[in-house]
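Participant: compute the structure for the input listed below.
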Amino acid sequence: MQIDIFTQVIVPVVGGLGIFMLGLEFMSNGIQNLAVNKMRALLAKIAGTPVKGVMAGTFITGIIQSSTAMTVMVVGLVNAGVIGLRPAISVIMGANIGTTLGNGLIALPLGPLGLFLAGIFALLHIFAKTDKVKNIALACMGFALIFYGLNLMTGGLRPLRNMPEVMGVISALKADTYLNLLYCVLIAAGITAMIHSSSATIGIVMGLGAAGILDWKTAVAFSLGADLGTTITSWMASLNLSKNAKRAAYAHISFNIIGVAVTIPLFFVSMDVLTWVMQWFGGDPGIAVVKDGKETFPLIPVAIGLYSTFFNIFNTVLLFPFVGVFERVLLKVGASPSDDIEDYSQPRYLVKAEDHAQAVHAIQRETGRYLEAARLFLDIARGVPDAPDKIEEHYAAIDILNRDIRAYTSGMFTPDMHYARADLVASLIEEEDYTASLGETLYQIARRVERQPFGETGRAIVDTVIDQVADAMRAIITIDQLNPPVAAEAEPRLPKLLELRERCLRLGAELPWVERGAILALLGSAERAYFLIERIDAERRSVSREVSASAARSRGAEGFGSLAVVPA
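Facilitator: As a prediction, this is how the structure comes out:
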């Protein structure tokens, strides 16, 4: 049968890849826009520890029967800031086990179902009246498109299985030496990378083995390569995502590579063990059974399934004790001052507190950290080399941090709380609201500067505005300073903004109209920043942040000591 490479291979592969990547972004954005704290708390119960992560990955992947889709989802959740790197590593370990538990589902028509569900959720997203429903529909639509995109790519590459050139390479190999074994593993990895499904590759190998095209040891070697090749999809999914999302994909890749590297030297010994184990499953897989005058090898698929399951369980048991080591090593991968200064999406000081004094101190330190992160927007606007280079990603990170701070502070309220203590908590929440508004304003400043190129004249005015805002920020950073180096009042700073406005309006052709409009908007943002800085300082002075140790101890047990307000 003649195969049209363009229409049957290239078109569905490219189209499927685009839909796959779009689905991943939709799912990540939908999750990001939902109640991130609730999602994070829910996932903490499922995969909050490495052991639970392995169990969750095994169970969920066992249901959906796609370690590729599961790993892609984990990468998306890490990118959205919902789960951390360590739980993600353990979930990926479990996903490799789960995918071996039901190879009979590999023929399930998830692709057409994914397109159908994507259409339903797309309509729901368009006609929904509330943001919550829209975000849920967006996340579900992305999830469905992931399956449909994978299905398109698989279908586009499936015709290659009918090409004699491809199948000839497969059947000509025999895993009888370590060199040939390595060839088999690499070829199977390449095929799986194209098909984007280790289960599909193993299904093909089972068919080839049962038909006698491959001897049983070679078929098992191909299944080993399938586990290696499936890592390519998670790597592709992470290309345009955050640093931690890339690290989750690298964890998947390194996990499987190490497992294969350890298993290859033990391959022929493991074949002897597998031959012995197969006595309980029907006998020697290499012995043919004649049916209707044709020789078949029905035990080869059984041997492949057993070995694939054993390999992934062995790999998980071998590497599970080193989850912490994986995390520490991966955190150093790709680290650079420009894009990996600090993960501001993860709270540093919001630990379980024994009393109000400790909790208030933790909130103040974390709020100060938020303001430090918000000030980085000014470095972005200046073009400082070591500033974050992805402004949207940095904004999403500090938005998550601000939600955590507010959730932690709100958790301090108790029904029997004294008025003075409740007044302090309320004041902290109000301060956090003002700091969030300030972070939003600084983000707008950086975004305007980033989007609008300025000439020499316009850039000089922009730099002056940024310097003045940065100087005003010194009044509230650091958060616990008794005598700030500058005053927080906005009124004395406004004349300088007025001077810049008049200068901007008096410039003629030296300042193009589009730059003039951007600068005027920038001046408005600077004015809002001044008033927010003044309001933050006033809020701090309105209610004392000091909690006496005796008061904290006297009400610790009934007021806050037993309350666990710990962000995931």
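Participant: quick one: buried residues of stretch 343-358?
Facilitator: 343-347, 350, 353, 355-358 (16 or more other C-beta atoms under 10 Å). (C-beta placed from N, C-alpha, C; glycine too.)
Participant: quick one: terminal-to-terminal distance for it?
Facilitator: End-to-end distance of stretch 343-358 (C-alpha to C-alpha, to the nearest Å): 23 Å.
Participant: any idea of the mean pLDDT for it?
Facilitator: In this model, stretch 343-358 has a mean pLDDT of 80.
Participant: and which of the buried residues of stretch 343-358 is nearest to residue 120?
Facilitator: residue 345 (31.5 Å; C-beta to C-beta).
Participant: tell me the spacing between residue 117 and residue 23.
Facilitator: Remark: distance between residue 117 and residue 23 (C-beta to C-beta, to the nearest Å) = 11 Å.
Participant: same thing with residue 405?
Facilitator: According to C-beta to C-beta, residue 405 and residue 23 sit 32 Å apart.
Participant: and for residue 451?
Facilitator: Applying C-beta to C-beta, the value for residue 451 to residue 23 is 28 Å.
Participant: swap in residue 415?
Facilitator: From residue 415 to residue 23 the distance is 45 Å (C-beta to C-beta).
Participant: ok, now residue 515?
Facilitator: According to C-beta to C-beta, residue 515 stands 39 Å off from residue 23.
Participant: same thing with residue 389?
Facilitator: On the measure of C-beta to C-beta, residue 389 and residue 23 end up 26 Å apart.
Participant: which of the two has more neighbours?
Facilitator: A count of neighbours by other C-beta atoms under 10 Å puts residue 23 above the other of residue 389 and residue 23, at 25 against 12.
Participant: skipping adjacent residues, who's closest to the more buried one in space?
Facilitator: residue 145 (2.9 Å; C-beta to C-beta, 6 or more residues apart in numbering).
Participant: now that neighbour: how far from residue 92?
Facilitator: Taking C-beta to C-beta, one finds residue 145 at 21 Å from residue 92.
Participant: pull the contacting residues for residue 205.
Facilitator: Going by C-beta atoms under 8 Å, 6 or more residues apart in numbering, residue 205 touches 188, 214, 219, 222-223, 226, 304.
Participant: hang on, it in a helix?
Facilitator: Yes. Looking at residue 205 with DSSP: H, G, I helix; E, B strand; the rest coil, it is inside a helix.
Participant: okay, and the residue nearest to it when sequence neighbours are not counted sits in which element?
Facilitator: Among residues not flanking residue 205 along the chain, residue 222 sits closest, at 4.4 Å (C-beta to C-beta, 6+ apart). If you go by DSSP states H and E, residue 222 is part of helix 216-229.
Participant: next one: residue 290
Facilitator: Here residue 290 is assigned to strand 289-291, by DSSP H and E.
Participant: average pLDDT across that strand?
Facilitator: 71.
Participant: likewise for stretch 400-414?
Facilitator: 88.
Participant: thinking again about what came up before, count the residues that sit near the residue nearest to residue 23.
Facilitator: When neighbours are counted by other C-beta under 10 Å, residue 145 registers 26.
Participant: try residue 331
Facilitator: 16.
Participant: is it true that it touches residue 86?
Facilitator: No. Applying C-beta atoms under 8 Å, one finds residue 331 not in contact with residue 86, separated by 9.9 Å.
Participant: from the contact counts, what lies against the longest helix along the chain?
Facilitator: Ranked by residue count, the top helix of the chain under DSSP state H comes out as helix 419-451. Contact here means 3 or more C-beta pairs under 8 Å, 6 or more residues apart in numbering; DSSP states H and E; on that basis helix 419-451 packs against helix 356-382, helix 391-410, helix 456-473, helix 513-542.
Participant: mind listing what's buried along it?
Facilitator: Buried, per 16+ other C-beta under 10 Å, within helix 419-451: 421, 424-425, 427-429, 431-432, 434-449.
Participant: what angle sits between that helix and helix 391-410?
Facilitator: Interaxial angle of helix 419-451 relative to helix 391-410 (axes from the mean of the first three to the mean of the last three C-alpha atoms, to 10 degrees): 180 degrees.
Participant: tilt between helix 419-451 and helix 356-382?
Facilitator: Using the same axes, to 10 degrees: helix 419-451 against helix 356-382 is 10 degrees.
Participant: quick one, helix 419-451 and helix 456-473 angle?
Facilitator: Counting by the same axes, to 10 degrees, helix 419-451 lies at 170 degrees to helix 456-473.
Participant: number the chain from 30, please
Facilitator: That works, and once the first residue is 30, the last one we named lands at helix 448-480.
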